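> Build the 3D model from these lines:
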Amino acid sequence: MELKHAVSNVLNQLSGLIKDIGEENFAKPVPALNNSTLGQHIRHTLEFFICLMDGYATGSVDYDKRRHDKNIEEDPKIAISVIEKIIYFLDRNPNDKAFKLAACYSTENDISEEVTTTYYRELVYNIEHAIHHMAILKIGVKELCPEVTLPEGFGVAVSTIKYQKQQTAN
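Numbers count the residues shown, from 1 in each chain. I've put the predicted structure just below:
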């Protein structure tokens, strides 16, 4: 399945980044990122996948209910372990199914609305969300550890990569 391959590719790039930046840079504040850390952005990204995994059995996902697990954002080994668990889960749960997405966009209350979606649609959302945060991570890596070389296309949407190739070919 192409979708599963895309998710694995994104997660493997994140895993590679974690290894490349080293433990000392994982939880270090980055001024260009308003003093957030690379680990915080990685944790945030992974927790969206965790929410989707947790909701697979019930067919319901609520990204607002993320755990904000400090262990994931402070310990690169735990973050890599989470990535491995997500990839393992994807390998074991390849089938699309109906889902309900709960979302609350009010700062005044906690009343969520439910939206009909599917597991695959939420995987697509998670890929795009991850790529967005990878673009932010790229900024942080350039400031914090410029010696780290990121893979070509890191933090760039596939459609953008295709467009750039087309422009180069023309």
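> what sits against residue 26?
18, 37, 38, 39, 42, 74, 75, 76, 79 (C-beta atoms under 8 Å, 6 or more residues apart in numbering). (C-beta placed from N, C-alpha, C; glycine too.)
> give the contact list for residue 162.
With contacts taken as C-beta under 8 Å, 6+ apart, residue 162 has no neighbouring residues.
> And it, which helix or strand is it part of?
helix 158-169 (DSSP states H and E).
> again, but for residue 58
Residue 58 is part of no helix or strand when elements are defined by DSSP H and E.
> gap between it and residue 119?
Computed as C-beta to C-beta, to the nearest Å, the residue 58 to residue 119 distance reads 12 Å.
> quick revisit: quick one: the helix holding residue 162 to chain centroid distance?
Going by C-alpha atoms, centre = their mean, to the nearest Å, the spacing between the C-alpha centre of helix 158-169 and its chain's C-alpha centre is 23 Å.
> got it, and stretch 57-74?
The chain centre lies 12 Å from the centre of stretch 57-74; the measure is C-alpha atoms, centre = their mean.
> How about stretch 4-11?
In terms of C-alpha atoms, centre = their mean, the centre of stretch 4-11 is found 10 Å from the chain centre.
> ok, and what's touching it?
Contacts of stretch 4-11 from elsewhere in the structure, counted by C-beta under 8 Å, 6+ apart, are 49, 83, 86-87, 90-91, 94, 123, 126-127, 130-131, 134, 158.
> which of the residues you listed are buried?
Burial by neighbour count, 16 or more other C-beta atoms under 10 Å: within the contacts of stretch 4-11 this picks out 49, 83, 86, 87, 90, 123, 126, 127, 130, 131, 134.
> Go through those and flag which are in helices.
Taking DSSP state H, the ones among the buried ones among the contacts of stretch 4-11 that sit in helices are 49, 83, 86, 87, 90, 123, 126, 127, 130, 131, 134.
> contacting residues around the fourth one?
Taking C-beta under 8 Å, 6+ apart as the definition of contact, the neighbours of residue 87 are 7, 8, 11, 12.
> what does residue 41 give?
Residue 41 sits in contact with 33, 133, 136, 137, 140, where contact means C-beta under 8 Å, 6+ apart.
> One more pass at 6 Å, please.
With contacts defined as C-beta atoms under 6 Å, 6 or more residues apart in numbering, residue 41 is in contact with 133, 136, 137.
> The first one: how many residues sit nearby?
Using other C-beta atoms under 10 Å as the criterion, residue 133 is surrounded by 19 other residues.
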